Every structure is written in structure tokens, then in C-alpha cells.
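1. could you work out the structure for the sequence below:
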Amino acid sequence: MTHSITQPQPTDHLNFSAGLSFPTKAVNPAATVLIVDDSPDNLRVLSATLSQSNYDIRCAKNGTMALKALALNSPRRSATAELPDLILLDIQMPDIDGYEVCARLKANARTQHIPIIFISALDAALDKVKAFAVGGVDYITKPFQMEEVIVRVQNQLNLQAAKAQLAQAEKMASLGQLVAGIAHEINNPVGFVQGNIDYLDNYVQDLLTLLKAYQQQYPDPPEGIRAIAANIDLPHIQADLPNIVKSMTLGTERIASIVSSLRNFSRLDESEHKPADIHEGIDSTLLILESRLKASDYYSSIEVIKQYQEMPPVLCYPGSLNQVFMNLIANAIDAIEDKQQTLTDSDQADYQPQIVIQTEQTAQAVTIRIQDNGHGMEESVKARLFNPFFTTKPVGKGTGLGLAISSQIIHEKHHGQLTCQSQAGIGTEFVITLPFPQDLV
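-> Residues are numbered from 1 along each chain as shown. Next up is the predicted model:
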């Protein structure tokens, strides 16, 4: 697929990536490569060959067009311009040479992560050294062999995906350790309080019973005792003290529930393949995200509708599966919040944000559906949804790795399927399908 950079076309097919295992063919079937070269012949040959390798190709005839396409010359468009996954960059161009284009891209926070492969007729060692010095990751000398270009492009995409996956895995491992540590530190003192509340409740009841017996036996106490009783509002204390103990009981139970959910979500001791309660994992994720489901100054509350079918424990990797639930439900909340930002006041009054979670078991599979009524997606977005680094979120908010890693977890670790159905303006549904009965090794 060859697209003019000045007239971008929507992706014309829906593709679900099989995850982040790095085969010899294109790791991202819809990965976008921007080719910057002032030679029409080079643009034509590179575009045709890379398109045949299932890359989405965009072309720029010079450095100025490339920077304009990436919106570096327009701060207003820079947040929404779609970025390529890799750039093939010529050096000798009439307006801005490739060195300067690369330097500008590496100086910009939004584009500095894009790998740039220089492709040039300059073959002196100093030219290559300068190319790497300004931020290039590879260098291809003209005249080039297309087999070499394809291999080098794929190697860089594989390397970028591997780096990102490793960084995300380390981040999640650190987060899991932090969560488990916090849960442990909270659990001990809460356990002391919770273990003593029953004794406190019994002692309070005994004291109130004794006090009531004194009042019945001595209805007319001395003036000094009557003054103290009136000063402390004894009838109110007698009525309210049991309620205080009850509130303390409910509070500690709530803390214990949160701690249990944190420990369940982190699952540091459950990285192996084992039977687990799917519903427990979903509920733990919802509890962790509960603050985002409540109403705030900017957003309405989100109603969560759980339609669970009773089922036995499911053979899975519990910690990894919880990570998938977290990614999908957090994305649903993001989509709903984005939609609320676009609604008028009158539309807001008629809009009830909802997330529906359904589970179902058949003889062959377990299915989990997570559906939202957020803003939905266009076909061009859906086509790249599971590609590493692809995100529609602003810089700093999304890494573009959540769905890619979720896809890998479901496909590779569980031999299942993760698919998406979405309609712009209506909402999105993600469907997880896990084989059942499961005989994975």
C-alpha cells in the first residue's frame, strides 16, 4: 500500500497482530515506513517492494515535506499527526539534508523514538559516522539491494519492539513488587485491628449491659453522677457506640478487601500455569480502578454491569491475565472519558456511561467480553490497534504497548484469541477467547 504523504489514505484492511514474537517476516503487518528521498526512481522501487512485504508506505520528496508531514513545523497539528514506525532517509537532498532532518526529529520529544535508517550514495566512513552521530540506527549504501533493505528494516522494527516489550515487562514486574509490598505492609496492622474488633464489640456490649443494669437498679443516682451523665450526653453514647464499632468493622473489612485485591492482582507467586478464578481476577481489577469509575468534577460515574456465568477455575497464567484485564478495562474508561469531553451539556444529561463485562463457558472455550459505550474507533485505527507503539493518546499518556502485550499474552501464553469490534460514536467490545478444556503444557 503506497500512500502520498500529502494525502494520507485509510488502512484498507483489519488486522489483528499475533503478538510480539519476532518472526522473520514483518512483525507488524501494518507497520508504517516513511521514505524520504528526492529521487522518484528510488521512491518507486522502495515503495513497491516494501508494500509487497505488507508495510504501509508513505513518501516524501524532500526534507521539508517530511517534517511537514510529521507536523514538526505546526505545533497545532503535532499532537494529532500519525507517526511512522520507521523512516528511510536520504542524505543528499536539495532543501534540507538528511542529517538536519534526523537532528530535528531526534530533538523533538514526540518523534525522537522513531528509528531512522539512512540510505545514501555517500559511502565514506566520515559520512557514516556523522549519520550515527545525529541519531541514525543503520546505514544503507546506494545502489542498494532490496533484500538487504527489507532485512534491515525488519531488524530495526524487531529491535524496537523487543526493547519496548522488555521495558514494559520490567515496569510491570516493578509495579507488581511495589503493590505486593504495600499490600503486605498494610495487611499486618489491619490484621491486628480486625482481630481485636470482635473483642472490642463484646466488651462494649458487656459495658452497656452493665450500665443499663445500674440504671435500672439505681434510677436516681447522686447529683454528681447525674451532672457527669448530662455533660457527656450518656443516652447518645449508649445509642451511638455500637454504631461506631460497626463502622470500624466495615472499614477494616473494606481495607482487607482492597489488600486482598492488590495481592490477587500482583500475583507474584502465580506466574505458572494453574487453575484460577477468572471472576476474581476481573473483580480485583475493577476494585483497583474503582476511583476512576466514580463521578468526578469532570466526568459522570461509570456503571459496571457484570454478567458472569458460573464456571470452574480456568487453567491460565493468573498474573498475566490480570494485566490484560487491566489494559482492556482502563482503555474502556479512557474511551468513555474521551466521549464525555465531546458531548454538549444536553447530551451529557442523556448519556449513561457503561462498561458491560460478560463471561461464558462452552465445551470448547471460555469467553470474556468487555464492552463500553465510549467514542468507538474508525476502521483505520482498528487496523493498527494491536501494533506495538501505536496509540491515539497524547504524548506521555499512552505507550502504545498495552494492547500489543495483551495480544501476546492471550495468543502466545494462552493459545487463545483477542479480537475487537468497534463502531465510531457507538462503542467498542474486546473479546478474549481461551481454549477449554485446556491442555496447554
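2. and the pLDDT for the closest residue to residue 146 other than its chain neighbours?
-> In this structure, residue 146 finds its nearest non-sequential neighbour in residue 49, 4.6 Å apart by CB to CB, 6 or more residues apart in numbering. In this view, the C-beta of every residue, glycine as well, is placed from N, C-alpha and C. pLDDT, residue 49: 90.
3. what residues are up against residue 49?
-> Residue 49 is in contact with 146, 149-150, counting by CB atoms under 8 Å, 6 or more residues apart in numbering.
4. quick one, helices of the stretch 1-150 of the chain?
-> Ranges of helices within the stretch 1-150 of the chain are 40-52, 63-69, 75-78, 98-107, 125-133, 146-217, based on DSSP state H, counting those that start in this stretch.
5. now do the shortest one, average pLDDT.
-> Across helix 75-78, the average pLDDT comes to 49.
6. show me this structure divided up by domain.
-> Using automatic domain parsing, the domain ranges for the chain come out as 2-144, 171-266, 276-441.
7. in the protein, which spans are strands?
-> All strands of the chain, identified by DSSP state E, fall at 2-4, 32-36, 56-60, 86-89, 116-120, 138-141, 274-276, 303-307, 314-316, 354-361, 365-372, 417-423, 427-435.
8. could I get those strands as TSV with mean pLDDT, mean neighbour count and distance to residue 45?
-> Shown next, in TSV, are these (pLDDT from 0 to 100; neighbours: other CB atoms under 10 Å; distance: least, CB to CB, whole Å):
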stretch	mean pLDDT	mean neighbour count	distance to residue 45
strand 2-4	40	16	11
strand 32-36	93	25	10
strand 56-60	91	24	11
strand 86-89	95	26	11
strand 116-120	95	23	11
strand 138-141	94	16	13
strand 274-276	88	14	53
strand 303-307	95	13	53
strand 314-316	90	23	48
strand 354-361	95	18	49
strand 365-372	95	21	45
strand 417-423	92	18	35
strand 427-435	94	20	39
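9. CSV for the ones you listed, including distance to residue 289?
-> Below are the strands of the chain laid out as CSV (distance: least, CB to CB, whole Å):
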stretch, distance to residue 289
strand 2-4, 38
strand 32-36, 32
strand 56-60, 34
strand 86-89, 34
strand 116-120, 38
strand 138-141, 41
strand 274-276, 19
strand 303-307, 9
strand 314-316, 20
strand 354-361, 10
strand 365-372, 12
strand 417-423, 19
strand 427-435, 15
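10. and of those strands, who's closest to residue 155?
-> Distance to residue 155, taken as CB to CB, is lowest for strand 138-141 among the strands of the chain, at 7.9 Å.
11. low pLDDT regions in the protein?
-> 1-30, 72-81, 165, 167-177, 180, 261-272, 388-401, 437-441 (pLDDT under 70).
12. how about a cut-off of 50?
-> Regions of the chain meeting the criterion pLDDT under 50 cover residues 1-29, 77-80, 268-269, 440-441.
13. the residue lying closest to residue 335 once chain neighbours are set aside and residue 325, how far apart?
-> Distances taken as CB to CB, 6+ apart place residue 374 nearest to residue 335, at 2.8 Å, with adjacent residues excluded. Distance of residue 374 to residue 325, given as CB to CB, to the nearest Å: 17 Å.
14. before we move on, the earlier item: check the contact between the residue nearest to residue 335 and residue 427; I expect there is one.
-> Yes. Counting by CB atoms under 8 Å, residue 374 does reach residue 427; the two are 5.7 Å apart.
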